[in-house]
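Visitor: I'd like to go over a predicted model; first the sequence, then the structure.
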Amino acid sequence: MTDPLAPLHAFASLLTPEGRALLEEVRGTAPADELAVATRLRREHPAGLVSAALGQARLRQRAAAKFGAADAERMFFTPNGVEQSTRASVAAYRAARLRELGVSCLADLCCGIGGDAIALARAGIRVLAVDRDPVTAAAARANAAALGLDALIEVREADVTEVDTSSYDAVFVDPARRGGGRGGGRATGGRIFDPEAYSPPLSWAVAAALRAPHAALKVAPGIPHEAVAPQAEAEWISDGGDVKEAVLWFGTEPGTVRATLLPGPHSLRGRGLPDPPVRPVGRYLYEPDGAVIRSHLVAEVAEELDGGLVDETIAYVTADELRPTPYATAYEITGRLPFNVKKLKALLREHEIGTLTVKKRGSAVEPEELRRKVLPKPHGRGTMTVFLTRVAGAPTMLLGHPAPAA
């Protein structure tokens, strides 16, 4: 019979002097070397401890992209914790906003391995970090100690729906968005897209938020706008061009919609503009950041650029002038063709294109598939970007290259 406490015991073994010494010894072990390292170490250490140490080393290597190598090498992770944790730069931005709101103590509900609690504590906020899963809570506690933040972070193993948050300035809720989870803890399995299927459900998180002076609820960036509570400000956040999350803020500006881009931050606030007009393709094409698109603020960017859309259903902005903006990437358009693979292949050969970037919006064609067809054996020193899209309803290929900085 499987011991339900075995995962907790395995994790606890890593916190012993022997476990910590092993973690130091296996740091940076390459996947190809794991078998040889495990065989050698099992001669002197329990097999279970060696496996746990090597597993933790792998998780730390994966976590470096989110937390930075310096922190990741000292922290403790679970597989779900690495997958679901907030990127450190995003957590730091959110913590700074909460601090600016005057928050000094906060309840972090569904805290996971403590990534957000760490950012909050580093911003000077005292944190109650709660998670129902024993191993996850143990990891959060170990991380607070490892980073010297345990004086500001109290970790509690509990169901978040049973925690009294009335004495805190704010609550932060990060519901699990994967199937198979337990209420008030982290989930595993496939992603969940229905906010009411979160664990705990979004409706519970909103109710908890409304009981606090301030609150931030982390939700999936694909949340339907109609699912946003009217009392909330909705913010979509991207980091380095990748959309990471949406945050519903309470106690700020109800009904406000904004897109925030990191690093920066650069924050674009919605002004309720109507959809931009469709206009002929100009000299420049602007590809809005994903956070701008998710937040439905393409019209605000188009107005800033004095531009319009290439098609009423496509989030590409076109304009005649090159203007600097952090909210979109500019390309200079040098050609336009109806969608035709043979003509594109001939054009690439004529211009000696060896490097082809394919982007698409509103096209069923897969970029990699098209690249294989039109450039099976790359040669030549030329570069080109091809946009597979629709222009005024017609399947079109727009040809160009990144515009110089304005």
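Guide: The structure has been received and is ready for your questions.

Visitor: the strands in the stretch 1-150 of the chain, which residues?
Guide: With strands called from DSSP state E, counting those that start in this stretch, the stretch 1-150 of the chain shows them at 105-109, 126-131.

Visitor: Which other helices and strands does the longest helix seen in the chain contact?
Guide: For the chain, the longest helix by residue count, based on DSSP state H, is helix 47-67. For helix 47-67, the contact count by 3 or more Cβ pairs under 8 Å, 6 or more residues apart in numbering; DSSP states H and E identifies helix 6-13, helix 17-26, helix 34-41, helix 69-72, helix 79-84 as packing neighbours. Just so you know, the C-beta spots here come from the backbone N, C-alpha and C atoms, and that holds for glycine as well.

Visitor: Just the buried positions in it, please.
Guide: The neighbour-count check on helix 47-67 (16 or more other Cβ atoms under 10 Å) flags 49-50, 52-61, 63, 66-67 as buried.

Visitor: Likewise for stretch 360-372?
Guide: For stretch 360-372, a neighbour-count test (16+ other Cβ under 10 Å) marks 361, 362, 363, 370 as buried.

Visitor: List just the nearest of the buried residues of helix 47-67 to residue 347.
Guide: Proximity of these to residue 347 (Cβ to Cβ) peaks at residue 66, which lies at 41.3 Å.

Visitor: Give the closest residue to that closest one in space, chain neighbours not counted.
Guide: Spatial nearest neighbour of residue 66, chain neighbours left out: residue 87 (4.8 Å); criterion: Cβ to Cβ, 6 or more residues apart in numbering.

Visitor: ok so, going back, Provide the angle between the direction of the longest helix of the chain and the direction of helix 17-26.
Guide: 60 degrees (axes from the mean of the first three to the mean of the last three Cα atoms, to 10 degrees).

Visitor: so where's the chain uncertain?
Guide: Judged against pLDDT under 70, the low-scoring parts of the chain cover residues 1-2, 178-192, 406.

Visitor: run the last query once more with 80
Guide: Within the chain, the stretches with pLDDT under 80 are 1-5, 177-193, 405-406.

Visitor: Can you pull the phi/psi pair for the residue most central in space within it?
Guide: Residue closest to the average C-alpha location in the chain (Cα atoms, centre = their mean): residue 244, at 2.3 Å. In terms of degrees, to the nearest 10, the main-chain angles of residue 244 are phi -100, psi -40.

Visitor: so it touches residue 219, yeah?
Guide: No - Residue 244 is beyond contact range of residue 219, at 11.5 Å (criterion: Cβ atoms under 8 Å).

Visitor: overlap in contacts of those two?
Guide: By Cβ atoms under 8 Å, 6 or more residues apart in numbering, residue 244 and residue 219 have no common neighbours.

Visitor: Run through the bridge partners of the nearest residue to residue 268 once chain neighbours are set aside.
Guide: Excluding the flanking residues, the one nearest residue 268 by Cβ to Cβ, 6+ apart is residue 259, at 4.7 Å. Counting by DSSP bridges, residue 259 forms beta bridges with residue 236, residue 268.

Visitor: Residue 259 is in contact with residue 297, isn't it?
Guide: Yes - the criterion here is Cβ under 8 Å, and residue 259 meets it with residue 297 at 5.2 Å.

Visitor: Now the common contact residues for these two.
Guide: Common neighbours of residue 259 and residue 297 (Cβ under 8 Å, 6+ apart) are residue 268.

Visitor: quick revisit: which one of the buried residues of helix 47-67 is nearest residue 231?
Guide: residue 66 (30.7 Å).

Visitor: and the gap between that closest one and residue 273?
Guide: Separation of residue 66 from residue 273 (Cβ to Cβ, to the nearest Å) stands at 35 Å.

Visitor: for residue 132, same thing?
Guide: 43 Å.

Visitor: Looking at these two, which is more packed in?
Guide: residue 132 (22 against 14; other Cβ atoms under 10 Å).

Visitor: mind checking how far that one is from residue 58?
Guide: Taking Cβ to Cβ, one finds residue 132 at 25 Å from residue 58.

Visitor: ok, now residue 261?
Guide: For residue 261 relative to residue 58 (Cβ to Cβ), the value is 32 Å.

Visitor: Contact partners for residue 332?
Guide: Counting by Cβ under 8 Å, 6+ apart, residue 332 touches 283, 284, 322, 400, 401, 402, 403.

Visitor: try 7 Å
Guide: 283, 284, 400, 401, 403 (Cβ atoms under 7 Å, 6 or more residues apart in numbering).

Visitor: Over to residue 116?
Guide: 86, 91, 108, 172, 174.

Visitor: how about a cut-off of 8 Å?
Guide: Here residue 116 is in contact with 86, 91, 94, 95, 108, 172, 174, 218 (Cβ under 8 Å, 6+ apart).

Visitor: Residue 395: what's its closest spatial neighbour, skipping adjacent residues?
Guide: residue 339 (4.0 Å).

Visitor: hang on, I meant residue 174
Guide: residue 218 is the one closest to residue 174 (Cβ to Cβ, 6+ apart), at 4.4 Å.
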